[in-house]
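A.B. asks: Here is the input, now give the coordinates:
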Amino acid sequence: KRIQEIITATSEKFGLQTYHLHPSRLSTTVDLIRGTTYQLNMEWFVNGVTERTEDDVNPPGTAVIEYDISSKRYKSVIFVDGKTFSTSSTRFSTHSEIIEWIEAETGLRHEEQFILSDRTQSSTIHHFKACHNGIPLAPGGMITVEHNDKGQLLSFTVGGVFPTKEMIKEEPYALALDTDVIQIAKEQVSLIEFPSTEQNKWILAYALEEIYIANDLSATYPFEFMIDNRFCLKIDHVFHWVTPLTLTYEEQNPFLFQNQPEVSAKQAFANEPHPDMLPITREKQQQAIHAISDFLRSMYPTESGQWKLTHLYRQNSYIQAVLRPVSSPTKLISPKITIFLDPKQLQIVSYFDNQLFWKEVHGNLAQAEPVTIDKELAFERLKQHLTLTPTYVLHPERTHYVLCGKLDCHYGVLGINGDVILLDSID
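C.D. replies: Numbering: from 1, shown residues only. Predicted structure coming up:
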């Protein structure tokens with residue numbers, strides 16, 4: 001009954017009188033802030049259309065809508081191929097009207113919880129990002145609204161996290177590009193190989209790896225933490241062995257492991273915890289480490305002491321493990337092996353080595369030319385291009401956001417001649 005009420009309300013709200021509901025399904029995901037969330041996913045076909053195209057894609061004009069049962073708000077509304085047959089009277093003619101509509105749909109307040117991200121060349125696409133009183137968040141959320149020339153809604157998406165005011169630890173911003181921050185910046189600079197398909201070779205350049213610095217200089221948070229910010233368990237175990245093994249394992253694309261568990265209406269409305277929220281016991285950790293050790297001894301037999309297990313986490317009905325090199329990487333794309341383990345038996349189902357993938361993409365590039373510039377000189381040339389931006393960062397305990405400075409630099413110094421270049425100019 002409650003599912004039908006949502007379907008009826010959706011049809012009325014978005015003017016789908018000339019549509020009929022094709023399939024709908026319930027799904028569940030893990031939100032960094034809210035934990036388990038449940039969604040109702042609906043596909044509305046235009047009347048007269050009964051099936052997908054030959055390529056199994058939704059026909060133009062189809063309305064693909066996602067409703068978040070947990071928050072009772074819409075997370076996504078997309079009219080396929082930018083075509084709509086909606087009879088809704090909602091029309092956007094000004095930017096302020098879009099902001100008012102977003103506030104009503106999300107319950108968020110403009111400039112307090114979201115701000116304009118960037119203006120595209122098109123006047124019909126509007127991007128916004130999460131903030132706290134104008135200061136960006138990491139990780140944060142994004143909102144996008146697109147309409148046609150008539151002002152009709154074509155797409156609306158809300159992604160990421162928008163924390164409550166209570167989760168923000170406010171304090172006056174105190175950081176500056178002074179001696180302490182400059183020293184941190186120097187430590188973040190290293191020689192990195194960038195692929196250039198335009199020049200058909202690798203290019204060595206000194207570049208800064210962005211990092212978040214706590215407002216009181218008491219801690220730093222790597223950028224990668226913001227990307228892989230799942231409910232994960234930090235391990236930091238280095239693998240050593242003497243004798244190799246000859247076991248075999250099959251590498252597969254990680255997109256094949258995007259399993260979504262079947263969800264019932266009873267589970268959704270009871271907000272039953274997502275299976276990925278289950279803890280990984282110490283016993284399972286040890287079982288995983290043993291299985292991964294056998295894997296490395298078999299697939300990377302000569303690389304004892306070169307790999308460490310950094311994280312374990314549950315995702316898409318698997319326990320996934322992340323392996324990183326012990327030594328600092330020199331490639332722009334840091335080596336990473338993702339291992340998929342059966343959550344019950346802790347046996348390895350498959351793995352994905354990103355370097356094998358990138359080797360296929362960049363395998364024909366010529367080696368980089370020798371470096372003639374040292375790090376000291378390179379850093380002196382980079383200093384004037386450093387940026388430090390106030391940013392609220394999710395604390396590792398995941399209970400609150402703390403004020404930090406995002407230290408970044410969009411420029412690099414070429415190792416061959418010391419020229420300062422915009423890193424985005426390397427194609």
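A.B. asks: Does residue 86 touch residue 65 like I think?
C.D. replies: No. In this structure residue 86 lies outside contact range of residue 65 using Cβ atoms under 8 Å: 11.2 Å. C-beta coordinates here come from the backbone N, C-alpha and C atoms, glycine included.
A.B. asks: which residues are common contacts for the two?
C.D. replies: residue 14 (Cβ atoms under 8 Å, 6 or more residues apart in numbering).
A.B. asks: neighbour count winner among these two?
C.D. replies: Taking other Cβ atoms under 10 Å, residue 86 and residue 65 do not tie; residue 65 has more neighbours (26 against 20).
A.B. asks: check contacts around the more buried one.
C.D. replies: 10, 14, 41-44, 74, 76-78.
A.B. asks: how about low-confidence regions in the stretch 151-300 of the chain?
C.D. replies: By pLDDT under 70, the weakly predicted segments of the stretch 151-300 of the chain are 225-231, 253-261.
A.B. asks: can you give me the helices in it?
C.D. replies: With helices called from DSSP state H, counting those that start in this stretch, the stretch 151-300 of the chain shows them at 179-188, 223-227, 265-270, 282-299.
A.B. asks: now the first one: how far from the chain's centre is it?
C.D. replies: For helix 179-188, the distance from its own C-alpha centre to the chain's C-alpha centre is 27 Å (Cα atoms, centre = their mean, to the nearest Å).
A.B. asks: now what about that helix, what contacts it?
C.D. replies: 175, 208-211, 213, 217, 220, 379, 382-383, 386, 388, 405, 407, 409.
A.B. asks: now do 10 Å
C.D. replies: 175-177, 207-211, 213, 217, 220, 222-223, 375-376, 379-380, 382-383, 386, 388, 405, 407-409 (Cβ atoms under 10 Å, 6 or more residues apart in numbering).
A.B. asks: can you check the longest one too?
C.D. replies: Residues from elsewhere that reach helix 282-299, judged by Cβ under 10 Å, 6+ apart: 233, 235, 237, 239-249, 251, 278, 280-281, 303-304, 306-307, 309, 312, 319-321, 323, 337, 339, 341-348, 351, 353.
A.B. asks: Filter the residues you listed down to just the ones in strands.
C.D. replies: Residues of those located in strands (DSSP state E): 233, 235, 237, 307, 309, 312, 319-321, 323, 337, 339, 341, 348, 351, 353.
A.B. asks: Going by neighbour count, which of those residues comes out on top?
C.D. replies: Using other Cβ under 10 Å as the neighbour criterion, residue 321 leads the ones in strands among the contacts of helix 282-299 with 27 neighbours.
A.B. asks: how about the closest residue to that residue other than its chain neighbours, what does it touch?
C.D. replies: In space, and not counting its chain neighbours, residue 321 is closest to residue 339: 4.2 Å by Cβ to Cβ, 6 or more residues apart in numbering. Contacts for residue 339 (Cβ under 10 Å, 6+ apart) come out as 249, 288, 291-292, 295-296, 309, 312, 318-323, 348-353.
A.B. asks: 8 Å - rerun?
C.D. replies: Residues near residue 339 by Cβ under 8 Å, 6+ apart: 292, 295, 320-323, 348, 350-351.
A.B. asks: So the nearest residue to residue 175 once chain neighbours are set aside versus residue 209, what's the distance?
C.D. replies: Spatial nearest neighbour of residue 175, chain neighbours left out: residue 405 (4.0 Å); criterion: Cβ to Cβ, 6+ apart. According to Cβ to Cβ, to the nearest Å, residue 405 stands 15 Å off from residue 209.
A.B. asks: Fine, thanks again, bye for now.
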